[in-house]
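*Asks:* Fold the stuff below for me.
(chains A, B, C and D)
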Protein chains: 2
Amino acid sequence: MTVPSGRRERKKAATRQKIADAALRLFLERGYDAVGIRDVAAEADVAVTTLFSHFASKEALVFEQDQDFEQRLTQAVTDRAPDEPLVPALRREIQALVRHCTADGAAPIWRMIDESPDLREYEESMRLRHAESLAMAIAADLDLPPATTACRTIARFAIDAYSLAREATDPEAAVNEIFQMIEAAWKAAHESLLSAKPEPTPTAKSR
Amino acid sequence: MTVPSGRRERKKAATRQKIADAALRLFLERGYDAVGIRDVAAEADVAVTTLFSHFASKEALVFEQDQDFEQRLTQAVTDRAPDEPLVPALRREIQALVRHCTADGAAPIWRMIDESPDLREYEESMRLRHAESLAMAIAADLDLPPATTACRTIARFAIDAYSLAREATDPEAAVNEIFQMIEAAWKAAHESLLSAKPEPTPTAKSR
DNA sequence: ACCGTAGCACTAACGGTTACGGTTTTAAAA
DNA sequence: TTTTAAAACCGTAACCGTTAGTGCTACGGT
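*Replies:* The predicted structure follows:
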């Protein structure tokens, strides 16, 4: 048990990286659809089964880099300044994430994604999973039951903001516009929450 | 050219229906994953290629029934009473759609869908397409350019309401709660639209 | 020095999907 | 009516992502 220190971990990580690199290189060179899993495996000099032991699917090869999307979102909620309200913190993070993926350096990858229906679909369903995590983080932050409708709704809306902004001609302005709407929605939700829950939760820790 | 009258259309529709029926029967009997395309084709007594000329994918076999989801949404916008505001009309339709799929009769199908990740993913990406159509319908109704951010946002939010409500313990209440939020968001969007577009569109037809 | 296991390889297969080439049915033109 | 062209359908074989099964090897703990 304990922690399998050293060489093994490094070798594994190296293999994984080798595969990801080979995949990205081939995808950008010949196009996502024109490259088969067997091609990637050959280029990385590993067996197909090895490839799938590191990545759950072909699409996952492409989104290997932004694994931390989910973590950044939840952290934006949990690690924010004690006096900062929820929605602006979310807005800042979404803004940063949008900027990050519309930056010039990442352009070819995102063009590739936009061109492949498979990849677009995969991304959307990935973001939906992220929304679930975000909803739980929000609920926890507010001492509400994890499946509270308002929390899940706001989380979905935030993800929508990301998706829509990425496609907008002026992504930055789009984030701002959509978040004005989210802000209003969140305010309206508070009224519902207060009227539905007149007595404050006894276990609530003030924040 | 002209209209291919009669028999051909009927036979084609019959074949399609025969396939859909066979598929649904087998899926409910043995479970979605346990039934292969080749099984469905055999049961419907057609070739596999014929099956795929009627349905784009295995998942599409399951969602054959609610093809009209998209049409009902856009019609809820375009066919509403001249004095009825947009969001309440949407709310009514979403409410009806949610009720429809949480009705007792349709329970086994939706249970099957909920149990298969494949089907859930397919449905979500289908709804996303619906959101695009809805956004265009809304934009057209308001004499705005088809890609207006606020319209696309409201359309996504409406789809979110549907998805979230379906999973909620009290779907009907969830729709109402979420639509209060959407109502507020829509109001906020109006302010942005007015400030960004001080001069009324010359070609606008009053409605 | 030895054992347990994590990482990897190889082959073969499975299941959804498509390409291909051919036959029958239907609608309409000649 | 006969002819023609398209549409629907068929059967086979293949493609491609993905997984199961089996074993080998190198590493880490003892």
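*Asks:* Spatially, what comes nearest to residue A:187 if we skip its sequence neighbours?
*Replies:* If you skip the residues right next to it in sequence, residue A:187 has residue B:184 as its closest partner in space, 6.4 Å away by C-beta to C-beta, 6 or more residues apart in numbering or on different chains. (C-beta placed from N, C-alpha, C; glycine too.)
*Asks:* who touches that neighbour in this structure?
*Replies:* Contact partners of residue B:184, counting by C-beta atoms under 8 Å, 6 or more residues apart in numbering or on different chains, are A:184, A:185, A:187, A:188.
*Asks:* which of those residues has the most neighbours?
*Replies:* Taking other C-beta atoms under 10 Å in any protein chain shown to define a neighbour, the member of the contacts of residue B:184 with the most is residue A:185, carrying 27 neighbours.
*Asks:* you'd agree that one is up against residue B:177?
*Replies:* No - using C-beta atoms under 8 Å, residue A:185 is not in contact with residue B:177, being 10.8 Å away.
*Asks:* Show me where chain A dips below the pLDDT cut-off.
*Replies:* Along chain A, the model assigns pLDDT under 70 to residues A:1-5, A:193-207.
*Asks:* and residue A:102, what are its phi and psi?
*Replies:* The phi and psi torsions at residue A:102 (degrees, to the nearest 10) take the values phi -100, psi 10.
*Asks:* Any idea how many residues pack against it?
*Replies:* Counted with other C-beta under 10 Å, the burial measure for residue A:102 works out to 15 neighbours.
*Asks:* Run through the residues of chain A sitting next to DNA strand C.
*Replies:* With C-beta under 7 Å from any atom of the strand as the criterion, chain A comes near DNA strand C at residues A:4, A:8-9, A:11-12, A:15, A:45-50, A:53-54.
*Asks:* What about those residues, which are in helices?
*Replies:* Secondary structure assignment by DSSP state H places A:8, A:9, A:11, A:12, A:15, A:48, A:49, A:50, A:53, A:54 of the residues of chain A next to DNA strand C in helices.
*Asks:* For residue A:138, the count of nearby residues, please.
*Replies:* Residues within reach of residue A:138, counting by other C-beta under 10 Å, total 25.
*Asks:* domain assignment for chain A?
*Replies:* Following automatic domain parsing, one gets these domains for chain A: A:7-56, A:66-195.
*Asks:* Mind checking if the first one is in reach of chain B?
*Replies:* If I follow you right, that is domain A:7-56. No - contact check for domain A:7-56 against chain B, using C-beta under 8 Å from any C-beta of the partner chain: none in range, with a minimum separation of 11.9 Å.
*Asks:* How far off centre is that domain?
*Replies:* Taking C-alpha atoms, centre = their mean, to the nearest Å, one finds the center of domain A:7-56 at 22 Å from the center of the full chain.
*Asks:* One more: the last one?
*Replies:* Using C-alpha atoms, centre = their mean, the distance from the centre of domain A:66-195 to the centre of the chain it belongs to is 8 Å.
*Asks:* at contact distance from DNA strand D, anything in it?
*Replies:* No - in terms of C-beta under 7 Å from any atom of the strand, no part of domain A:66-195 sits within range of DNA strand D; the closest distance is 8.6 Å.
*Asks:* how deep is the closest residue to residue A:66 other than its chain neighbours tucked in, by neighbour count?
*Replies:* In space, residue A:66 comes closest to residue A:101 once its chain neighbours are excluded; the distance is 7.4 Å by C-beta to C-beta, 6+ apart. With neighbours defined by other C-beta under 10 Å, the count for residue A:101 comes to 18.
*Asks:* same deal with residue A:123?
*Replies:* By the criterion of other C-beta under 10 Å, residue A:123 has 21 neighbours.
*Asks:* possible to save the residues of chain A next to DNA strand C as TSV with neighbour count and distance to residue B:61?
*Replies:* Formatted as TSV, these follow (neighbours: other C-beta atoms under 10 Å in any protein chain shown; distance: C-beta to C-beta, whole Å):
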residue	neighbour count	distance to residue B:61
A:4	9	46
A:8	9	46
A:9	11	45
A:11	10	45
A:12	13	41
A:15	17	39
A:45	11	40
A:46	18	36
A:47	11	35
A:48	13	30
A:49	8	31
A:50	15	35
A:53	14	32
A:54	19	33
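*Asks:* for the residues you listed, which one is nearest residue B:22?
*Replies:* Distance from residue B:22 was checked for each of the residues of chain A next to DNA strand C by C-beta to C-beta. The minimum falls on residue A:48, at 34.6 Å.
*Asks:* list the contacts for that closest one?
*Replies:* Applying C-beta under 8 Å, 6+ apart, one finds that residue A:48 lies in contact with A:37, A:38, A:41.
*Asks:* Please report how far it lies from residue A:21.
*Replies:* When distances are taken as C-beta to C-beta, to the nearest Å, residue A:48 and residue A:21 turn out to be 17 Å apart.
*Asks:* rewinding a little: what remains of the contacts of residue A:48 if I keep only buried residues?
*Replies:* Among these, those that count as buried by neighbour count (16 or more other C-beta atoms under 10 Å in any protein chain shown) are residue A:41.
*Asks:* ok, the contacts of residue A:48 vs chain B, which is closest?
*Replies:* Distances from chain B to the contacts of residue A:48, taken as C-beta to the nearest C-beta, are shortest for residue A:37 (19.0 Å).
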